[in-house]
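S.K.: Give me a model of this one.
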Amino acid sequence: MGRHSLPDDRRAAGGGDRPPRRRRTVVIATVLVLAVAGGTAVAAQGGLLSFSKSCEESAVHLSMMASPDIAPAVRAVADRARADEVRSDGRCIDVNVVARDSYKVADALASGTRAPDYQIWLPDSDLWLSRAKGDGDGVAISPGDSVATSPVALAMVPKAAKSFGWPKKTYSWAELTGGAMESDEVHIGAADPARSATGLLALTSIGASAEKQGGDSDTRVAATAKLLAQRMSDGDTQVVATLPQDGSGAEEGNPARNQAVLLSEQAAFAHNAESAGAGKLDLFYPKDGTPLLNYPFTLVDEQHRSTEEGRAALRFMTLLSEDSSLRTLQEHGFRTTSGTADEKLVAAAGGRSPQPYDATQPPAPSDETLQETLGMWTITVQSARLTTVVDASGSMAAIVPGRNQSRMDVTKASLIQALNQFAPNDEIGLWEFATTLDGDKDYRRLVTTARLGDAAKGGGTHREKLAAAFAALKPVPDGATGLYDTALAAYKEAQRTYVKGKFNAVVILTDGSNQDEKSISRSGLVDELKSIADPDRPVPLLAIAVGPEADREELDEIAKVTGGGGYQVNDPAEIQAVILQAVMTAGEGVRAAQH
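M.R.: Numbering: from 1, shown residues only. Next comes the predicted model:
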């Protein structure tokens, strides 16, 4: 794990030798004085009991960003370590634990715009690690061991749970959410999967479960996503707040209340600890598996940290695995890293046999599966209006290594496949570009941007017309890459035809850099885009560099001023996944800016 070796220190709380008696006496004496002055609790909360004088002078001070659900438990461990003067290489450890949403930390690290003022990050799931790494241009992170787990389940208020046969009746994810969708009395709430690991893991599980049922699973999952989107909250804390305050199935005159929410076991545990009687939740654990939040201990910007900081951080990681720390985590509703259930914890969270709360967890979904789910979610939540602009220069005829197909052939197939991910209400159009393609113009509009479900002239739907146009794309012999003029023209047209309430964007695919010497310059293009960009009518430019000859950095510079970004694919077959990723990333950025 990074360049640091594990500190060799035997003076740890919960293991090994305790600090010398004299030092312990100083701490106790300080406690007594402060208690007389105004109360021990107040002194402890203010950090006045931190260290003896000798320890304070040599302490290694660390800061940790922790997921809000686990922050109190980890803060308790840090406070105990401070009081017991736990050391790394002879120096006391002082860890300041700050609660911060995992998606916010991931996005900040991916942007890499400034050096972080913390050394440790404890997100609620390792799915945020991929988001934090982004395109590899952000702040470096070094993932370590998991410190706790908590399964994702479906929580219901007692009245709703009883109507579903809890606890005796068990369901798959698809059966459970499908039943709730058919009920007029049970509304399901969820945290935004773009901001919540709980929401994303649950939605991924619903998708996998629906696929096992067979039939038109994509349609069923999209319908479920639409339903969840209507009752979506920003985060896990907010979704808990949508539950009825009195534990009833619904509160009179308040249709915004949910009777069921996608929730982690730990969140249900915390809710039930503060509730009484009918206000407590019952948990359904789907029989096809409950995914786990796994809280990976992660070092941040390790190469720019001192050896002392790195070793102290690792010492704190080992401290979190010691018996006293594990008891603290369990007291706060967390399972051990193995995911094994503790019956008392489960009961407090709202679980009961024969619900399969201790069943073997399914394998963690792959990054690709999570990305596809998130792309589907973004497209489902907000209908898209995309102008697709495809490079038709002669270089697109080049053969893709390892395939007996040209770049254009593979690109077309990937675009047709991506088209299947969009709903009838989404609007998509098609341009192609190459130098002097249409007189002095480097671009030509082939298909007007319109709803995929609309009827097309001559029969069929707009989707079918667009798929046929994708299939008919051909490289222009001797055609060069007229990128800059095309990007500006497509952007202006998308801005002119902007549709409020949809995610408007321009998607450009090119395998090279601009080759039109008569076109606007790169700096001129960037300045022009910057001047006409309108935050009230956002149109991010999503530029995809196809193949090793394309310049992603150039594309990124151009696209960023519009709120979009540049992406790289070495194999055109990856275009489908990258389009979904780009739409998800830009869509989240647009929504955040609007809020």
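S.K.: Only C-alpha atoms from now on, for both contacts and neighbour counts.
M.R.: OK.
S.K.: Can you verify my assumption that Pro572 contacts Ala545?
M.R.: No - Pro572 lies out of contact with Ala545 (CA atoms under 8 Å); the separation is 9.4 Å.
S.K.: dump the residue contacts of Thr435.
M.R.: Ser393, Lys441, Asp442, Tyr443, Gly479, Ala480, Thr481, Gly482, Asp516 (CA atoms under 8 Å, 6 or more residues apart in numbering).
S.K.: If we use 6 Å, what do you get?
M.R.: Asp442, Gly479, Ala480, Gly482 (CA atoms under 6 Å, 6 or more residues apart in numbering).
S.K.: Same question for Ala349.
M.R.: Taking CA under 6 Å, 6+ apart as the criterion, Ala349 is in contact with Ala268, Phe269.
S.K.: For it, give me phi and psi.
M.R.: Torsion angles at Ala349 (phi, psi; degrees, to the nearest 10) stand at phi -80, psi -20.
S.K.: Can you give me the pLDDT of it?
M.R.: Looking at Ala349, its pLDDT stands at 97.
S.K.: Relative to Ala472, how far out is it?
M.R.: Distance, Ala349 to Ala472, by CA to CA, to the nearest Å: 57 Å.
S.K.: One more: Val77?
M.R.: Between Val77 and Ala472 the distance, using CA to CA, works out to 63 Å.
S.K.: Neighbour count for the two, which is higher?
M.R.: Val77 (23 against 10; other CA atoms under 10 Å).
S.K.: since we're on the closest residue to the more buried one other than its chain neighbours, how many residues are nearby?
M.R.: The shortest distance from Val77 to any non-neighbouring residue, by CA to CA, 6 or more residues apart in numbering, is to Ser325 (6.1 Å). Ser325: 23 surrounding residues under other CA under 10 Å.
S.K.: Name the SS class of Ser325, please.
M.R.: Following DSSP: H, G, I helix; E, B strand; the rest coil, Ser325 is assigned to helix.
S.K.: how near is Asp135 to Leu541?
M.R.: 17 Å.
S.K.: Pick out whichever of the two has more residues nearby.
M.R.: It is Leu541, of Asp135 and Leu541, that has more neighbours when counted by other CA under 10 Å, with 33 against 13.
S.K.: Which pLDDT value goes with that one?
M.R.: pLDDT at Leu541 comes out at 94.
S.K.: wait, doesn't Gly289 sit right on Pro362?
M.R.: Yes - the criterion here is CA atoms under 6 Å, and Gly289 meets it with Pro362 at 5.5 Å.
S.K.: The two - which one has more neighbours?
M.R.: Gly289 (22 against 12).
S.K.: Phi and psi next, for the more buried one.
M.R.: Dihedral angles of Gly289 (phi, psi; degrees, to the nearest 10) stand at phi 110, psi 140.
S.K.: now His61
M.R.: Dihedral angles for His61 - degrees, to the nearest 10 - are phi -90, psi 130.
S.K.: likewise Lys441?
M.R.: Here is the backbone geometry of Lys441 (degrees, to the nearest 10): phi -80, psi 150.
S.K.: For it, which non-adjacent residue is closest in space?
M.R.: Lys441 sits nearest to Thr435 (CA to CA, 6+ apart), 7.2 Å away.
S.K.: Secondary structure element for the one you found, which one?
M.R.: Element membership for Thr435, per DSSP states H and E: strand 427-438.
S.K.: How many neighbouring residues does Glu368 have?
M.R.: As a burial measure, Glu368 scores 11 neighbours (other CA under 10 Å).
S.K.: any idea what sits nearest it, other than its immediate chain neighbours?
M.R.: Ala577 (7.8 Å).
S.K.: Could you look up the SS state of that neighbour?
M.R.: Ala577 - assigned by three-state DSSP - is helix.
S.K.: Please determine how far it is located from Pro363.
M.R.: As judged by CA to CA, Ala577 and Pro363 stand 21 Å apart.
S.K.: Pick out whichever of these two has more residues nearby.
M.R.: Ala577 (18 against 10).
S.K.: Show the pLDDT at the more buried one.
M.R.: On pLDDT, Ala577 comes in at 73.
S.K.: Can you tell me how far Lys344 is from Gly333?
M.R.: 10 Å.
S.K.: repeat for Ala490
M.R.: 53 Å.
S.K.: How about Met317?
M.R.: 19 Å.
S.K.: ok, now Ala155?
M.R.: From Ala155 to Gly333 the distance is 15 Å (CA to CA).
S.K.: Can you name the residues that contact Ala586?
M.R.: Contacts of Ala586 (CA under 6 Å, 6+ apart): Gly564.
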